[in-house]
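>>> can't give you the sequence, but here's the structure:
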């Protein structure tokens, strides 16, 4: 069964990603306005503004609309005028207060934060052509634990085919109820490909081209209808292939 990482471990994973993003972009003003293909309409500064804004909203407990486009857009509107280093400073300065609030949050809530932040780290890496950190156990364990836990719940509710998903970090987990499912599918991929596929970063064509064991046709609603439900529509597959 899918397993959520405990809050303390997930919080530590979040800090690790913050450190990596800081090391990746600090002092690089020339990349500020580079477009981020994985986040259409945003440049690198706007992605950083979103992540710093999420931290501010966690501190302020402004979470009622978390995951919505309007929530993210408000963060970018609020902070998008700052340069990257200022945004990184704001983000780091909030970490102790963020950690205090995360200690009181649910495992799912903290793992969702890791999932979102790790996804955006790789969005930035793709924009600047510097891939890396694609198989760190703690970060991927938290992010994929969230995706598989939520995916399992929604697949069961929708009675979609069960999915046996295997990655190096999470091992093999079953999503869905085999007693009520309309079929059985299996997929073995890297941690990174699982994150990108289930994180709204692969087109339908790319999803169909994954190394499925079985016909994935009846499982496609997971990507178009089911997973977007827990981020208020924010994870739909892009129209065009994203090559990383």
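That came in fine, so what should we check first? Everything quoted here is computed from the prediction, not taken from an experiment.
>>> Walking through the protein, point out its helices one by one.
For the chain, the helices defined by DSSP state H cover 7-25, 44-60, 69-79, 84-93, 95-102, 107-128, 137-158, 191-198, 204-208, 221.
>>> Quick check: which helices or strands does the helix or strand bottoming out on mean pLDDT in the chain pack against?
The weakest-scoring helix or strand in the chain, judged by mean pLDDT, DSSP states H and E, is helix 221 (a mean of 89). Packed against helix 221 by the contact rule (3 or more Cβ pairs under 8 Å, 6 or more residues apart in numbering; DSSP states H and E) you find no helix or strand. In short, each C-beta sits where N, CA and C put it, glycine included.
>>> what residues does it touch?
158, 160 (Cβ atoms under 8 Å, 6 or more residues apart in numbering).
>>> What of stretch 205-212?
185-189, 193, 197, 216, 220, 223, 237, 241-242.
>>> how about a cut-off of 6 Å?
Identification of contacts with stretch 205-212 by Cβ atoms under 6 Å, 6 or more residues apart in numbering yields 187, 223, 241.
>>> Filter those down to the buried ones and hand me the ChimeraX line.
Here is the ChimeraX command that selects only those of these that count as buried (16 or more other Cβ atoms under 10 Å):
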select :187,223
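>>> between the contacts of stretch 205-212, which is nearest residue 86?
residue 241 (34.5 Å; Cβ to Cβ).
>>> sorry, back to before: now the helices of the chain in TSV, with distance to residue 167?
Below are the helices of the chain laid out as TSV (distance: least, Cβ to Cβ, whole Å):
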stretch	distance to residue 167
helix 7-25	16
helix 44-60	24
helix 69-79	27
helix 84-93	28
helix 95-102	25
helix 107-128	14
helix 137-158	6
helix 191-198	5
helix 204-208	16
helix 221	22
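>>> where's the residue nearest to residue 66 when sequence neighbours are not counted relative to residue 18, distance?
Computed as Cβ to Cβ, 6 or more residues apart in numbering, the closest residue to residue 66 that is not its neighbour in sequence is residue 57, at 7.3 Å. To residue 18, residue 57 is 15 Å away according to Cβ to Cβ, to the nearest Å.
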